[in-house]
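Visitor: Below are the sequence and a predicted model; questions follow.
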Amino acid sequence: AQKITQTQPGMFVQEKEAVTLDCTYDTSDPSYGLFWYKQPSSGEMIFLIYQGSYDQQNATEGRYSLNFQKARKSANLVISASQLGDSAMYFCAMNSNFGNEKLTFGTGTRLTIIP
Amino acid sequence: DSGVTQTPKHLITATGQRVTLRCSPRSGDLSVYWYQQSLDQGLQFLIQYYNGEERAKGNILERFSAQQFPDLHSELNLSSLELGDSALYFCASSVAEDSSGANVLTFGAGSRLTVL
């Protein structure tokens, strides 16, 4: 079974600062994927970034980067130069690459950007 | 617009009733997933279909059922509704069957069900 743990229920960050959202995971699968999704107050789920378990380099997508530490089973999301529009719920998720494509989600972190 | 279409966006009904939620996946996607998001349970996986066949089942109640049709759209049927079924129901779609790389799920905007 897969498990995602997000220990920060809420975070407040000053605009233009960088922020790190924590995510740890547990799985017995040898190959897996790690994902981050953003859910604004409007409710939709927006895919942000993906990291494969065998990827040597940390994934980056614009202002988003994923700090992947396989030995520690962590996949933290880093948002650089935060903007007011970054205020949202952020979910870490994972799946298996062996015929189990569904995503298992963490409980989320509510990020609030302060002007 | 994610390309995944869910209807209705909002639904208010009474306990004991039955509702059907509809999902059209993104063009080219063969897999459809249903998730339930409630305040106390987070995002819970319900069920997955691939090209018309059930592929994976999560914590889906016996009162709930789903299917995927030949045109790949999917329906989630919720019956004998209870107050606790009030939630945001998401449909998501993806391309891959067996993924060796990223199998990104694209989510619809959700159907918000309120049971009174």
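Guide: On my side now, so go ahead. Residues are numbered from 1 along each chain as shown, chains lettered A, B, ... in the order given.
Visitor: is it true that residue A:27 touches residue A:97?
Guide: No: Residue A:27 lies out of contact with residue A:97 (C-beta atoms under 8 Å); the separation is 10.6 Å. From N, CA and C alone the C-beta is placed, and that goes for glycine too.
Visitor: Now the phi/psi pair for the nearest residue to residue B:18 once chain neighbours are set aside, please.
Guide: In space, and not counting its chain neighbours, residue B:18 is closest to residue B:79: 4.2 Å by C-beta to C-beta, 6 or more residues apart in numbering or on different chains. With angles defined as degrees, to the nearest 10, residue B:79 sits at phi -120, psi 170.
Visitor: burial of residue A:20, as a residue count?
Guide: A count of neighbours around residue A:20, defined by other C-beta atoms under 10 Å in any protein chain shown, yields 14.
Visitor: Hmm, residue A:76 and it touching each other?
Guide: Yes: if you go by C-beta under 8 Å, residue A:20 and residue A:76 touch, sitting 5.3 Å apart.
Visitor: anything in contact with each of those two?
Guide: Residues touching both residue A:20 and residue A:76 by C-beta atoms under 8 Å, 6 or more residues apart in numbering or on different chains: residue A:67.
Visitor: quick one: the closest residue to residue A:21 other than its chain neighbours from chain B, how far?
Guide: Using C-beta to C-beta, 6+ apart and skipping the chain neighbours, the partner closest in space to residue A:21 is residue A:77 (4.5 Å). Computed as C-beta to the nearest C-beta, to the nearest Å, the residue A:77 to chain B distance reads 16 Å.
Visitor: Residue A:5 touches residue A:73, doesn't it?
Guide: No: using C-beta under 8 Å as the test, residue A:5 is too far from residue A:73 to be in contact (9.4 Å).
Visitor: Now do the shared contacts for the two.
Guide: Overlap of the contact sets of residue A:5 and residue A:73 (by C-beta under 8 Å, 6+ apart) consists of A:24, A:25, A:26.
Visitor: returning to that earlier point: contact partners for the residue nearest to residue B:18?
Guide: Counted by C-beta under 8 Å, 6+ apart, residue B:79 has contacts B:18, B:63, B:64, B:65.
Visitor: Then residue A:83?
Guide: By C-beta under 8 Å, 6+ apart, the neighbours of residue A:83 are A:15, A:16, A:113.
Visitor: Select from the contacts of residue B:79 every entry located in strands.
Guide: Among these, DSSP state E puts B:64, B:65 in strands.
Visitor: Save the contacts of residue B:79 as CSV, and put in neighbour count and pLDDT too.
Guide: Shown next, in CSV, are those (neighbours: other C-beta atoms under 10 Å in any protein chain shown; pLDDT from 0 to 100):
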residue, neighbour count, pLDDT
B:18, 11, 98
B:63, 13, 97
B:64, 20, 98
B:65, 14, 97
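Visitor: ok, of the contacts of residue B:79, which one's closest to chain A?
Guide: Proximity of these to chain A (C-beta to the nearest C-beta) peaks at residue B:64, which lies at 16.0 Å.
Visitor: Count the neighbours of the residue lying closest to the closest one once chain neighbours are set aside for me.
Guide: Spatial nearest neighbour of residue B:64, chain neighbours left out: residue B:78 (5.3 Å); criterion: C-beta to C-beta, 6+ apart. For residue B:78, the count of nearby residues is 24 (other C-beta under 10 Å).
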